[in-house]
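Engineer: just a sequence and a predicted model for now, questions to come.
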Amino acid sequence: MASLALSTPATVLYKTERGETGVHLRLLSAEQGMLTAIQRRSTKTVQAHPLADIFDHGLFMLERRALGGGPWYVREFIVERRRPLLANHYESFETACRFATLLDRNAVHVEHHDRLISVLNRALDAWETGTAPQAVLCKALYLLLRDEGHPVKEQWWAELPDGARERAAHLIGTPLDAQTVPPEEAATLVKSLLHWMVGHADYVV
């Protein structure tokens, strides 16, 4: 039976075990947006190809039946970036999962998948360090909205109180290793930005 093939760089947003022989993957592709794929687990002692893990990034070679649709299956996965240390930092890992869930829920809003996957992978690299997870989330949300053309600077940032506006400018414009915004104030900015996303950009959070 004829099949369709797709080769695309993608990042794993989450995975779900499907019994003993398969893993259900939700992928963000730089070219295709959100994809769902199943990776078969080998019954042999040695796995022929590496199994994708949560937040891995690499080249996915997928295939599915040409007629009738159905799920994509992972024919091969070439790992480019793993993040084994992220799970060691509970708050960072939880925050990364929160951002991944938000992206999946709001796939309909995203047009520039190449920009989004860049924002996602930079955020994941930052979260893996375990430093300032709320600051990383705030910056990632801001860049997501800006890259999708929402007036986040002209409306959300401009309407913040003076002190909060200064903290937001520092947080968004300063490298992670130079951040000075306290975690609780970064979390307050995240809460404010999420509220704006719901009310002004129709995001589901």
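Structural biologist: Received it, and whenever you're ready, just let me know what you need. Since this is a predicted model, take the numbers as computed values, not measurements.

Engineer: for the longest helix along the chain, name the packing helices and strands.
Structural biologist: Ranked by residue count and defined by DSSP state H, the top helix of the chain is helix 183-201. The helices and strands touching helix 183-201, judged by 3 or more C-beta pairs under 8 Å, 6 or more residues apart in numbering; DSSP states H and E, are helix 133-147, helix 162-173. Placement of C-beta: from N, CA and C, glycine included.

Engineer: of those, flag the one that's most buried.
Structural biologist: The highest mean neighbour count among the helices and strands packed on helix 183-201, using mean count of other C-beta atoms under 10 Å, belongs to helix 133-147: a mean of 23.

Engineer: distance to L27 and mean pLDDT added to the helices and strands packed on helix 183-201, as a markdown table?
Structural biologist: A markdown table is the format used below for these (distance: least, C-beta to C-beta, whole Å; pLDDT from 0 to 100):
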| stretch | distance to L27 | mean pLDDT |
| --- | --- | --- |
| helix 133-147 | 17 | 97 |
| helix 162-173 | 28 | 96 |
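
Engineer: before we move on, back to that, compute the inter-axis angle for the longest helix of the chain and helix 162-173.
Structural biologist: 90 degrees (axes from the mean of the first three to the mean of the last three C-alpha atoms, to 10 degrees).

Engineer: what's the single longest strand in the protein?
Structural biologist: Ranked by number of residues, the top strand in the chain under DSSP state E is strand 3-18.

Engineer: paired strands for that one, with orientation please.
Structural biologist: Sheet partners assigned to strand 3-18 using DSSP bridges are listed as strand 22-29 (antiparallel), strand 57-65 (antiparallel).

Engineer: determine which stretch of those is the most buried.
Structural biologist: Compared across the strands paired with strand 3-18, strand 22-29 shows the largest average neighbour count, a mean of 21 (mean count of other C-beta under 10 Å).

Engineer: helix or strand right after it?
Structural biologist: Counting by DSSP states H and E, the next helix or strand C-terminal to strand 22-29 is strand 33-40.

Engineer: partners of that following strand, with directions?
Structural biologist: In the sheet, strand 33-40 lines up against strand 22-29 (antiparallel), strand 72-81 (parallel) (DSSP bridges).

Engineer: for Q134, find the nearest of the ones you listed.
Structural biologist: strand 22-29 (21.9 Å; C-beta to C-beta).

Engineer: please work out the average pLDDT along the closest one.
Structural biologist: For strand 22-29, mean pLDDT is 95.

Engineer: next: stretch 36-52.
Structural biologist: For stretch 36-52, mean pLDDT rounds to 77.

Engineer: for the closest residue to V74 other than its chain neighbours, what are its contacts?
Structural biologist: Distances taken as C-beta to C-beta, 6 or more residues apart in numbering place Q39 nearest to V74, at 4.0 Å, with adjacent residues excluded. Residues near Q39 by C-beta atoms under 8 Å, 6 or more residues apart in numbering: 22-23, 25, 51-52, 73-74, 77.
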